[in-house]
Structure formats: structure tokens, C-alpha cells
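S.K.: need a structure here:
(one chain, ligands or ions: 2)
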Amino acid sequence: MFDKLETLDDLFEMQLKDLYSAEKQLVKALPLMAETAKDGRLRRGFEKHLRETENQVARLEKIGKALDLDLSGHTCKAMEGLIAEGQETMSENATEEVMDAALIAAAQRIEHYEISGYGTAAHFAQRLGHTDAAELLQQTLDEEQLTDTKLNDLAKNYLNAKAE
Ligand SMILES: [Fe+2]
Ligand SMILES: [Fe+2]
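M.R.: Residues are numbered from 1 along each chain as shown. Ligands and ions are numbered 1, 2, ... in the order given. As a prediction, the model looks like this:
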């Protein structure tokens, strides 16, 4: 799939391709998660993150253009799996509250995966002297972390109590 990985630059490119595929898959998956969420705050949270995710795709495209890298043609299998598990959950027969709690659980797994990926990519960009790319990756990392915090708050303060 990838040519030989010889330098940190090669690995950085690989990481970017993986993130690009992950985000594009998420843009397709988030509308159904939003539709399935019964709690208004959760639904609006997913809708907001869909718009952020579209912008995250655009950031990666901007980085690809600036560094003359083609980020297409790779599939992030981890995100495929995370989304497949989420879809499996959504097909379960659950009460509204339990379904919302399950959606949060699935979404947090996804956010943690992204946080890990962007943390690595931002660090590599920094090390390689790609300052603009590092800044863009950090912006996305901040959004993913904020999304995770919001999901956590929703789960702790409201949904888990309702699902008991
Ligand atoms: Fe993302
Ligand atoms: Fe995300």
C-alpha cells in the first residue's frame, strides 16, 4: 500500500492519509448518529461535530496541498471498525435513554481514536518543521478534545442517570 517508510516524513504522510480517510468516513456516519440521538443536546452536538468534521477534512486537504501530498487512496480500517460497531449498536432494540448512552460510548471511542491520531500527527509536523500543518492539526486536536469533554459531560450529568 505504502512505499517503503524510510523517514519521519514518510510516516507523517501515512498518518495524514489515515486521518483523511477516518474523517471522510465520519462525515458519512455522523448524520445517522445525529438522527438516532433522542436527546436534543446530543443530537445538536452530533450536528455541530459534523460541521466541524467537514472543516477538519478541509484542513487536511489544505495540508496535503501545501506539502504536495495526495492523501486519497487509503482506508482507515480502525475507523471502519469503530463505525461498524456504532452501526451495530444503532440497530439494537434499546430504550431511548439507553440508546443515547450507547451513542455517546461509541462517539467517545471515535474521539479518543482521533485524539490519538492528531496528537501524533501534530507532534510529527512540529518535529519536521511543518509549522503551518502543525497549527492546523492542533486546531483539529483541540476540537476533538472539546467534543470528547462535551460528550463526557452529557454522559455524566444526564444520560447515564436517565438510563439507570
Ligand atoms: Fe475529526
Ligand atoms: Fe471527531
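S.K.: Going by C-alpha atoms from here, please, whenever you check contacts or count neighbours.
M.R.: OK.
S.K.: Off-centre distance for the lengthiest helix in the chain?
M.R.: Ranked by residue count, the top helix of the chain under DSSP state H comes out as helix 96-128. With C-alpha atoms, centre = their mean, to the nearest Å as the basis, helix 96-128 stands 5 Å off its chain's centre.
S.K.: ditto for stretch 33-46
M.R.: Per C-alpha atoms, centre = their mean, the centroid offset for stretch 33-46 relative to its chain is 16 Å.
S.K.: now Glu61, nearest residue through space, not along the chain?
M.R.: Spatial nearest neighbour of Glu61, chain neighbours left out: Leu71 (7.5 Å); criterion: C-alpha to C-alpha, 6 or more residues apart in numbering.
S.K.: ok, now how distant is the one you found from Tyr20?
M.R.: According to C-alpha to C-alpha, to the nearest Å, Leu71 stands 7 Å off from Tyr20.
S.K.: Get me the contact residues on the chain for ligand 2.
M.R.: 111, 144 (C-alpha under 5 Å from the ion).
S.K.: ranges for the helices of this protein?
M.R.: Using DSSP H, helices in the chain cover 8-36, 40-66, 77-90, 96-128, 131-154, 160-163.
S.K.: Let's have these in a markdown table, adding mean neighbour count and mean pLDDT.
M.R.: A markdown table is the format used below for the helices of the chain (neighbours: other C-alpha atoms under 10 Å; pLDDT from 0 to 100):
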| stretch | mean neighbour count | mean pLDDT |
| --- | --- | --- |
| helix 8-36 | 19 | 97 |
| helix 40-66 | 17 | 97 |
| helix 77-90 | 16 | 96 |
| helix 96-128 | 19 | 96 |
| helix 131-154 | 18 | 97 |
| helix 160-163 | 14 | 70 |
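S.K.: So which residue is dead centre in this protein?
M.R.: Glu114 (4.6 Å; C-alpha atoms, centre = their mean).
S.K.: For it, which non-adjacent residue is closest in space?
M.R.: Closest residue in space to Glu114, ignoring its immediate chain neighbours: Glu144 at 7.0 Å, by C-alpha to C-alpha, 6+ apart.
S.K.: list the contacts for the one you found?
M.R.: Contacts for Glu144 (C-alpha atoms under 8 Å, 6 or more residues apart in numbering) come out as 111, 114-115.
S.K.: Gln56 now?
M.R.: Contacts of Gln56 (C-alpha under 8 Å, 6+ apart): 23, 140.
S.K.: If anything else comes up later, I'll come back, but that's it for now.
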